[in-house]
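**Student:** Structure of the sequence below:
(2 chains)
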Amino acid sequence: DAMVIQNPRYQVTQFGKPVTLSCSQTLNHNVMYWYQQKSSQAPKLLFHYYDKDFNNEADTPDNFQSRRPNTSFCFLDIRSPGLGDAAMYLCATSREGGGGTDTQYFGPGTRLTVL
Amino acid sequence: DAKTTQPPSMDCAEGRAANLPCNHSTISGNEYVYWYRQIHSQGPQYIIHGLKNNETNEMASLIITEDRKSSTLILPHATLRDTAVYYCIVRGRSYNTDKLIFGTGTRLQVFP
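**Tutor:** Numbering: from 1, shown residues only, chains lettered A, B, ... in the order given. Take a look at the predicted model:
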């Protein structure tokens, strides 16, 4: 089945140690999104790629970076994780972006723990 | 900021209809109403969306008031697996207004 895959499902890192989370999709969608969801809060958009065009949200900390080497893969890099970065990180895709009717499909998420 | 207001929690008996309300009094004419749900420790799942007319699919029905200032998501026969947080989201059409901005949602508990 076509889907959005996130690896790993659980990631533990140390304070200040760079960490990379990965997302892949078999849907051949143009747009890929990264959301952060802290405990008991709603998901919050960090940034998204429309094809190779990167779009950062205004309040996303500089500590968070992203790469999209090809259509299928997108990575979230946290350069120096702090305790406040512990959260569930959700990847989503959509076919076109824009238009209002373009559904976003979410992966299962990666839960990041920072020690 | 989210453009919607939802009750923080609701209960529903298994087999009964679950009616989840949402207020979106500032919605503009070209904005859609979307519903997603998030089962514990999973990614959000798309349920349904609508613009003006009522919509139905295999998961749920969406009833939008004539003035479009509120809507109701209906799960016709709730099951225990429908226990989740339900998010009502107003979403624009154009690039960069079509983001999903999640509010606090409604935590639906379906009980036996």
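**Student:** name the element the residue nearest the centre of chain A belongs to?
**Tutor:** Per C-alpha atoms, centre = their mean, the C-alpha nearest to the average position across chain A is that of residue A:34, at 2.7 Å. Using DSSP states H and E, residue A:34 sits within strand A:31-37.
**Student:** Within range of chain A, give me the residues from chain B.
**Tutor:** Residues of chain B found near chain A (C-beta under 8 Å from any C-beta of the partner chain) are B:2, B:30-32, B:38, B:41-46, B:49, B:87, B:91-96, B:98-105. From N, CA and C alone the C-beta is placed, and that goes for glycine too.
**Student:** Report the contact partners of residue A:113.
**Tutor:** A:10, A:11, A:12, A:13, A:86 (C-beta atoms under 8 Å, 6 or more residues apart in numbering or on different chains).
**Student:** residues touching residue B:111, list them.
**Tutor:** Counting by C-beta under 8 Å, 6+ apart, residue B:111 touches B:11, B:12, B:13, B:14.
**Student:** so what's residue 70 scoring on pLDDT?
**Tutor:** Going with chain A. Looking at residue A:70, its pLDDT stands at 95.
**Student:** Chain B, not that one
**Tutor:** Looking at residue B:70, its pLDDT reads 95.
**Student:** Verify the stated contact: it with residue B:20.
**Tutor:** No: contact between residue B:70 and residue B:20 fails when scored by C-beta atoms under 8 Å: they sit 11.3 Å apart.
**Student:** which one of these two has more residues nearby?
**Tutor:** More crowded of residue B:70 and residue B:20, by other C-beta atoms under 10 Å in any protein chain shown: residue B:20, with 23 against 18.
**Student:** hmm, back to that, just the C-alphas of the strand holding residue A:34, formatted as PDB.
**Tutor:** Extracted in PDB, the C-alpha atoms of strand A:31-37 (Å, rounded to 0.1, in the frame of the first residue of the first chain):
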ATOM      1  CA  VAL A  31       4.700  18.300  -1.100                       C
ATOM      2  CA  MET A  32       6.200  17.000   2.200                       C
ATOM      3  CA  TYR A  33       5.700  18.600   5.600                       C
ATOM      4  CA  TRP A  34       7.200  18.300   9.100                       C
ATOM      5  CA  TYR A  35       5.200  18.900  12.200                       C
ATOM      6  CA  GLN A  36       6.200  19.000  15.800                       C
ATOM      7  CA  GLN A  37       3.700  17.800  18.400                       C
END
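**Student:** Packing partners of it?
**Tutor:** For strand A:31-37, the elements it packs on are strand A:19-25, strand A:44-50, strand A:73-78, strand A:87-94, judged by 3 or more C-beta pairs under 8 Å, 6 or more residues apart in numbering or on different chains; DSSP states H and E.
**Student:** Is there contact, residue-wise, from the last one to chain B?
**Tutor:** Which is strand A:87-94. Yes: using C-beta under 8 Å from any C-beta, we find that strand A:87-94 touches chain B at A:88, A:90, A:92.
**Student:** Check the shortest one too.
**Tutor:** No: applying C-beta under 8 Å from any C-beta, one finds strand A:73-78 out of contact with chain B, separated by at least 14.3 Å.
**Student:** Tell me where the model's unsure across the chain.
**Tutor:** Chain wasn't specified; assuming chain A. Where chain A drops to pLDDT under 70, the residues are A:1-2, A:97-100.
**Student:** The intended chain is chain B.
**Tutor:** B:1-2, B:94-98.
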